[in-house]
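Visitor: model this:
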Amino acid sequence: MSTVNTAPPASVRPHTAWGRAIGIAVGAAVVVALIVLAFVWPTVTSSVKNIPIAVAGTSQQVSAVTDALNTQAEGAFAVTAVADRSAAVDLINTRDVYGAIVLGDASASAGAATGPEILTASANGAAVSQVLNQLATPIQAQANAAAQAAVSAAVASGAAPAGTTAPAITVTVTDVVPLASTDARGLGLTAAAFPLVLGGILGGVLISLLITGVWRRLTSVLVYAVTAGIVVTVVMQPLFGILQGSFIVNALAVVLAMAATSSFVVGANALLGRAGIAVGSVITMLIGNPLSSAAQPLQFTVGPWGAVGQWFVPGSSATLIRDLSYFPDASSVFPWLVLAGWTLLGVVGMIAGHFRNQRVIRSLPVELDAPHDPAHARHAEPALAH
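Guide: Reported below is the predicted structural model:
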């Protein structure tokens, strides 16, 4: 009598427990919520504050304008007093300030009053330019009031005939660091920040999953960063005109940005295994990218987080690329060092993970009587990150 095999086929998986199924669904929803929070929070909580500007004029004029700005928008501006327009332009070019107010001379002579000038730098981004352009109206009103007061004092002293009025003063707005005509609204420069982050993560993930061996991984990271960096720079500069300045220097910046992210992801994988890929990606995408200030000034971000974001790859690379294109006089030492630091951290992680795994392999017991199973060896090898 034959026996009927009632056991389920080996390929049929048992049903997932209800608790596990619901837990996975809830966990996935929480992850989505965290992702939305990470990207939305910096924008929703941002506010206009601490915009660094220079004010050129006499001490009395600077004091009057500073008081007026604090009255109209307290905390919106951080004012630096300078002697003249030239000094203000120098600070804008080095990106120590984002704009300036050059005050005119409201003299007692009816025809001698000169109007103030507002200096902007649209290359800093649309948000700052919009705020500075809005200053034209109150500054013009204040200048006209000061000019009329000077004329009235002259009339009262007999230096000017009765009925004399001050001529209307118009504020001039000058963009001293404009965006290139090929990216007149700066949308390309802002939009390029996210692909740089995603590209670095993609390279790191692929190398972590497909390449074994520390030196092969190091070589792959280098080749990937150089190739991807040059291709991206070609797209952003000769093709679309988003980047300005030296192609070679811009390419070096993009290459280092790619190397920093991909190296960090691979290094985290070497130390932590597959979980390291998630750790490296989360730190870069969900922490560094939202705090990068690629679309708005870092001063607008709540608390110290705007400055903190400059210590991560997305923030430092966005700042470096903008400075190289439009503010060559600005110091770029800090973002270069940040990108180099993350790259070095990834390299150290790869090497440390490699030697740790070598020690683990040497410490494993050897079964002399166990038959050699090449298939088992092939499946077991990837369990250790090299």
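
Visitor: I'd guessed residue 258 sits against residue 199; true?
Guide: Yes: between residue 258 and residue 199 there is a contact under CB atoms under 8 Å: 6.0 Å. C-beta here means a position set from N, CA and C on the backbone, and glycine is covered the same way.

Visitor: neighbour-wise, which of these two wins?
Guide: Set side by side, residue 258 and residue 199 show more neighbours around residue 258, with 31 against 21, by other CB atoms under 10 Å.

Visitor: still on that earlier bit, intersection of neighbour lists for residue 258 and residue 199?
Guide: 228, 232 (CB atoms under 8 Å, 6 or more residues apart in numbering).

Visitor: Tell me if I'm right that residue 48 and residue 300 touch.
Guide: Yes: using CB under 8 Å, residue 48 is in contact with residue 300, at 6.5 Å.

Visitor: who's more crowded, the two?
Guide: The residue with more neighbours, out of residue 48 and residue 300, is residue 300; 22 against 18, by other CB under 10 Å.

Visitor: Just give the nearest non-adjacent residue to residue 58, would you?
Guide: residue 103 (7.7 Å; CB to CB, 6 or more residues apart in numbering).

Visitor: got a pLDDT number for residue 362?
Guide: If you check residue 362, the pLDDT there is 56.

Visitor: on that earlier part again, which neighbours do residue 48 and residue 300 have in common?
Guide: Shared contacts of residue 48 and residue 300, counting by CB under 8 Å, 6+ apart, come down to residue 127.

Visitor: what's the burial count for residue 13?
Guide: Residue 13 has 7 nearby residues by other CB under 10 Å.

Visitor: swap in residue 67?
Guide: Going by other CB under 10 Å, the residues that sit close to residue 67 add up to 10.

Visitor: And residue 337, by the same measure?
Guide: By other CB under 10 Å, the residues close to residue 337 number 11.

Visitor: before we move on, which element is it in?
Guide: Using DSSP states H and E, residue 337 maps to helix 333-363.

Visitor: Could you do residue 174 as well?
Guide: Counting by DSSP H and E, residue 174 is found in strand 172-175.

Visitor: do the same with residue 205
Guide: Assigned by DSSP H and E, residue 205 belongs to helix 193-210.

Visitor: Show me which residues of that helix are buried.
Guide: 193-194, 196-197, 199-205, 207-208 (16 or more other CB atoms under 10 Å).

Visitor: Ok, stretch 83-97 next?
Guide: 85, 87-89, 91-93, 95, 97.

Visitor: Then stretch 222-238?
Guide: 222, 224-226, 228-230, 232-233, 236-237.

Visitor: which one of these sits closest to residue 21?
Guide: residue 224 (38.4 Å; CB to CB).

Visitor: What distance do you get for that closest one to residue 240?
Guide: Separation of residue 224 from residue 240 (CB to CB, to the nearest Å): 22 Å.

Visitor: same thing with residue 305?
Guide: Applying CB to CB to residue 305 and residue 240 gives a distance of 31 Å.

Visitor: Next: residue 102.
Guide: 34 Å.

Visitor: Those two: which is more packed in?
Guide: Higher neighbour count among residue 102 and residue 240: residue 102, with 24 against 13, using other CB under 10 Å.
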